[in-house]
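S.K.: What shape does this take:
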Amino acid sequence: MDRLGEITVPTLVMAGRDDFLFPPEHQRELAAGIPGARLQIIERAGHNAHTEQPAEVMRAVRDFIAP
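M.R.: Below you'll find the model as predicted:
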């Protein structure tokens, strides 16, 4: 965590709103430590947002990598 500020690549941090293992508050802290990071909270999803809300996750990834 103390070296997050050294990350220089575009970073997307995603979190399921209902993730009890790594809750959104932790992901918010992670994203805040990475310069220019984007945080995307996936609604109606827990720890496996990619399987619970695949369309929303893919939309977030597409939006992130789109020019």
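
S.K.: excluding its backbone neighbours, what's nearest the residue nearest the centre of the chain?
M.R.: Centroid-nearest residue in the chain: M14, 1.6 Å away (criterion: Cα atoms, centre = their mean). Spatial nearest neighbour of M14, excluding adjacent residues (Cβ to Cβ, 6 or more residues apart in numbering): Q40 at 4.8 Å. (Glycine included, C-beta is placed from N, CA and C.)

S.K.: who's in contact with the one you found?
M.R.: L12, V13, M14, A15, A60, F64 (Cβ atoms under 8 Å, 6 or more residues apart in numbering).

S.K.: what's the helix or strand for it?
M.R.: strand 38-42 (DSSP states H and E).

S.K.: Mind listing what's buried along that strand?
M.R.: L39, Q40, I41, I42 (16 or more other Cβ atoms under 10 Å).

S.K.: Quickly run through the sheet partners of it, with directions.
M.R.: Strand partners for strand 38-42, identified by DSSP bridges, are recorded as strand 12-16 (parallel).

S.K.: what about P23, neighbour count?
M.R.: As a burial measure, P23 scores 15 neighbours (other Cβ atoms under 10 Å).

S.K.: Quick check: bridge partners of the closest residue to it other than its chain neighbours?
M.R.: Closest residue to P23 apart from its sequence neighbours, by Cβ to Cβ, 6+ apart: A15 at 7.3 Å. Taking DSSP bridges as the rule, A15 bridges to I41.

S.K.: and A15, what is it in contact with?
M.R.: F22, P23, P24, H26, Q27, R28, L39, Q40, I41, I42, A49.
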